[in-house]
Structures are given as structure tokens and as C-alpha cells.
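**Q** Prediction below, plus the sequence it came from.
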Amino acid sequence: MVSVQPLRNETVRAEDRAQEADRPTSEVAFFGADKPLKLDAGGTLSPFQIAYKTYGTLNGERSNAVLICHALTGDQHVANVHPVTKKPGWWETLVGPGRPVDTERYFVICANVIGGCMGTTGPASTNPATGHPWGLDFPVITIRDMVRAQAMLLDHLGIDTLFAVVGGSMGGMQVLQWAESFPDRVFCALPIACATRHSAQNIAFHEVGRQAIMADPEWRGGRYHLEGTNPRRGLAVARMGAHITYLSDAALHRKFGRRFQDRENPTFSFDADFEVESYLRHQGSSFVERFDANSYLYLTRAMDYFDLAADHNGVLANAFKGTPTRFCVISFTSDWLFPTSESRAIVHALNAASARVSFAEIVTDKGHDAFLLDEPEMFGIVRGFLEGAGKARGLSPRKI
Amino acid sequence: MLSRTDPKLTVSNIARTPGGARVDLVLVADMVAHGAKVLDVGCGDGELLRLLSETRGVDGRGIELSREGVNEGVAKGLAVIQGDADTDLADYPDDAFDYVILSQTLQATRNPRVVLEHMLRIGRRAIVSFPNFGHWTVRLQLLFFGHMPQTDMLPYHWYDTPNIHHCTIKDFRQLCTDIGVKMEKAVALNAWGTPLRLNAPWWFWNLFGEQAVFLLSRKT
């Protein structure tokens, strides 16, 4: 059994998080009964809300909007201090004043996805029909549902065409879905460390995570909010397992090796003797402070169902036929969750569709997580690609 | 002084004016129509693509094997992908480009004939430039000194060269005949980067041309 030590101020944070699900610390767009969200699973979600953040200023032509799509456990707080964890924004290395996605030049929008737990309607939100959290009554959602909701947000904001859509991992899936569903609304697309379908191995990892949550007696069939429990252990184990897939053998060895944690010798027990164990336990316990277990079930499921080619009789190139969008595909050498071969498949399909595509593979030992980390080569590529596209789009050069 | 953005770049004024872009690149650019759709196979750091977009306003794409070259090209805002001429051209549909360019790369491909055939399938025209292995300095080094030639254009040792399929101008013409390709235009440059006389006989080009640039199209 994994011990999940409560962090300090745990109860305060749990309340913060519960609060964020319905009344987030960010802008919120409400969509009433007149604007239902159509779902792939059939039926609609209505009413619903989208929590989002914006940075920078929309220009007069409304042509400089950039949508950032977040990954599985991300949220709308891409470039500001997180209201629950008080940590810096999750992509502040890439997005901000003077950064490659320059908020002094672009109008940046980042929205929490449908099914998330940071203010956009998801299983942790209150179901208006019952007054209780949705739990497993929430409909199963897909990547396309997320994108459809984001498109409704753009309509709400009066933005017709995005200059760019940028995202990594599950965010990259949304980028690809955007380009497929709304080619005329996306001037350029940057899918990073992602794939057009979730592989069998990745579905398998997700299933382990979900089973860990559901095996926790505190999960209570998803009704933990009502019963006053929290499947902390299950969600922590899910996070620990997933976190390993975000790293690489080389990175783990470099960071931890076989070093012991605060001790000289092994204790011959099941304590966290090794630094790597201690690190993973911390990853698990800090994650449960900010994330909802049911939300984790829904979002991993959405990734599992993602298969862009399947919607086009298995021919990926047809998903992008005649696309006017410019693409910049980026992968990382040590990413074994979304390996370069997956990105190359995207590039082949785009070539076959005669799309304008750039593709770079970046050498790093940091694994899948590299897209969130300090990777100067990636920054140079994103900056150069956006500047080139900006010129073609007629955006005024960066203010100096 | 020559400016790379000069729209009236011609081979002759480049050859006379030092300090411009590489002569062979300007020669290639000269063969490309304004606003064409171009694929540069083995585009290096994207120098030719940049020249083409600045002087010819082309819609350019590139394939490059080396990761450094690709990343440099993408950071310049060019549409460059990491890939291999020998394996990746097969993924492109027919007639996707007006021109497919292979600049100083033919001799480094594993299967030059297949690469050339793909180029003329993907593009309506192909432009190929390569170092001429029939140049007199190459012949002399082998004849008198008995070792593999090293020149400014072929700076490698035999054991570290990426160039595995050298050919002469004569060989290349033969290949074009064999696969039924039409030679629309050809230029040979001497060791000083000056074009040889157009009315010179082929054997003269093959002996005194250090490199050659061919504009090819399908024989229909």
C-alpha cells in the first residue's frame, strides 16, 4: 500500500479545489439551454460552462488569437500562478511577454477542457438537475467534444479565425482535431509530442491508472463527493504510474540513480528507501491535492477514444485533404509515450495531403515531459515558425 | 554589390559580382518561375529555400536528413521536415509541386535513379545540381597520384565521405536518356564559378565543368 502523506494545509486546498470546479479563479463563459454542446457519445451537455484565461490584447482585425490546449492534467492557468498550488503557470517557459508565444504580440486563450475539474463543466461540477456533483452521471466525452466546446468559446469571444493552436500531448490531440474539424478557423497548428491516435500501449497504461482509482474503497463507485470520502490512494497510484511514462530510463537514472533517500543503508522494509520512490510518492500526493479522480477517469478515456484516421476510413491523409493550415510538428527523441514515429505518421499524412508542414525532432533524454521543460531548441523552433506564419498572416512585427 | 533580394538576379551578373549567394544556388533559383510551388530535397539549413522565397516568391518546402539543418530551417520560418530522400519521397502524391530540386545531394543518395524518378513524378520539373566527377582535376589526381580525389567541391576522404554515387556530366546525361527524361536546360560552371560557353561541346563541359545544373522535365 502506498502511503500518501497529507501535505500541509491539505483541507484548505481540498476546499479550494472543490470551489474551483464550480466557481473558478478565472473568466467563465456560460452556455445556457439555447446553446447545448453536442457530444460524440450521443445527446448533449446543457447547460455548461467553460473556464478560461486570456493574456495579451486582441488586435483590431481579430487576427492574432492563439489558443493553447492543455494536456491531461493541465488547466487554463498556462501563464499565471496557479490558484490552488500557487506554482507558476504550467507553460510559462513558452507563453508570456517576450516568450516564443509572445503575449505582447498575440492574444492568448487557454481554456480548461470539458470533463476537467478547474471550472469547466466536468464530473466534479455540480449537476444542476440534482444539485450534487455529476460523478459518473457525467457523459463520456471525447477530444472532439473538447474542441467543439472550445469553438463555442471562440464564438462567444467573437473570434472567427485563430492565428495558431498550440498544444502538447492531449493538447496536441486537440490541435490536430482543431485542424481536422475547423480547417478554415486555424491559420497554423503546432501539435507537439502527440499522435493522431492513442496506441494500445497508452490505452493499457491509462487502464491501469483507472483501475487503481476504482480499486480504492474511497472511490465509492464515483460517489465520493457525496459520501465525504476521497480516493486519494488510488489517484496517487494512477499518477505515479503515469508519471513514469512521462520520463525516460536515462532521465530517471540521471536524476535519481540508485541513491537512497535521507539514509546511508537500506532499511530492509517497504519504506521509500530510494530517492526515486520518494519522488514518485511526492508526485502522487501533490497531484491529489489539485485533481479530481473522476475527472482523471473521463479525460484518460477521451484520449483512448482518439483516432483521427478512423473517422476517414482509416486514411489519415483524408483528414487533412486540402487543408489551408500550416503545421509545425515537434517530437522528442526520448519520448516513448508519443514516440517520433507517431509524429512522422502525422507528417507523412500531411505531405500526402500537400499541406505546408514543418517537422523537427529534438534531442533530449527528458522523455515525454520535455515539451513542458526548458528546451531552447523547441523554443527557437516555435518562435521561428510563428514569426514566419505571422509574416504570411500579415501580423505586425513584434514591438521592440 | 549584389543583393539577394534583387529580383533581376541572373547567372551572368552573379558570376561577375563577388559576395552574393552561392553561385550554384543562384543558378538553380534562376531556373524557377516566380510564385512556383517548390520542394527542395536535401535542403541543408534552408539557404536555397530562403533565396527562392526572397527572390522568386515561391511556396517552398524542404526535406533534410540532418537534425541540425532541419531545426535551423524551421526556426527561420521555413517549411522543412526531417526526412530521407531515399525513403520519404514515396509518400508524396503525383504532381504535388512545380519543381523538385536536388541541390548537391544526388551523389549522396543510395538510389539516385529512383530518387530522380520520384522527383519527376512529384514535380512537373526537376532541377538537379551535382559536382562533376569528370572534371580534369579529379581525373588528374587519380591518374597521376593514384588516390581518391579531394577538391574544394569534394573535400572528404574516401572513408568519411557521404558521397557514395559520384557521376560525371556524361553519366548523368546517360541516366536521363535511360529513364526518358527531357533535358530542358543545362549549365556547367568552371572552378571559378563561371558558366562555360553554352555552345561548347559536351566533352568540353565534362572536362572543364566542376559542377553542373540541369533543368529536367518529363518526356511526354
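**A** Yep, it's here. Just so it is clear, the structure is predicted and the values come from calculations on it, not from any experiment.
**Q** can you list the residues that contact stretch A:30-47?
**A** Residues from elsewhere that reach stretch A:30-47 (C-beta atoms under 8 Å, 6 or more residues apart in numbering or on different chains): A:48-50, A:114, A:121, A:128, A:139-142, A:144-145, A:148-149, A:152, A:156, A:305. For the C-beta atoms, the positions are set from N, CA and C on the backbone; glycine is no exception.
**Q** what about the helices in chain B?
**A** For chain B, applying DSSP state H gives helices covering B:11-16, B:23-30, B:47-56, B:67-75, B:85-88, B:112-122, B:136-140, B:169-178, B:202-208.
**Q** To chain A, which of those helices lies closest?
**A** Chain A sits nearest to helix B:67-75 of all the helices of chain B, at 3.5 Å, using C-beta to the nearest C-beta.
**Q** just to revisit the earlier point, strands - which of the contacts of stretch A:30-47 land there?
**A** Using DSSP state E, the subset of the contacts of stretch A:30-47 located in strands is A:48, A:49, A:50.
**Q** one step back: let me have the helices of chain B in TSV, extended by mean pLDDT and distance to chain A.
**A** Listed next are those as TSV, based on pLDDT from 0 to 100; distance: least, C-beta to the nearest C-beta, whole Å:
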stretch	mean pLDDT	distance to chain A
helix B:11-16	39	26
helix B:23-30	90	19
helix B:47-56	93	10
helix B:67-75	88	3
helix B:85-88	92	8
helix B:112-122	97	10
helix B:136-140	95	36
helix B:169-178	96	26
helix B:202-208	95	36
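**Q** Near residue A:258, how many other residues are there?
**A** 9 (other C-beta atoms under 10 Å in any protein chain shown).
**Q** Helix, strand, or coil at it?
**A** In three-state terms, and counting by DSSP: H, G, I helix; E, B strand; the rest coil, residue A:258 is coil.
**Q** nearest residue to it other than its sequence neighbours?
**A** Nearest residue to residue A:258 in three dimensions, chain neighbours excluded: residue A:274, at 6.7 Å (C-beta to C-beta, 6 or more residues apart in numbering or on different chains).
**Q** Hmm, the one you found is touching residue A:257, no?
**A** No - here residue A:274 lies out of contact with residue A:257, judged by C-beta atoms under 8 Å, at a distance of 9.0 Å.
**Q** I'd like the distance between the closest residue to chain A within chain B and residue B:66.
**A** Closest to chain A within chain B is residue B:77: 2.1 Å, counting by C-beta to the nearest C-beta. To residue B:66, residue B:77 is 19 Å away according to C-beta to C-beta, to the nearest Å.
**Q** Then residue B:91?
**A** Distance from residue B:91 to residue B:66, by C-beta to C-beta: 19 Å.
**Q** again with residue A:356
**A** Note on residue A:356: its distance to residue B:66, by C-beta to C-beta, is 21 Å.
**Q** Who has more neighbours out of the two?
**A** Neighbour totals were compared for residue A:356 and residue B:66, and residue A:356 leads with 19 against 12 (other C-beta under 10 Å).
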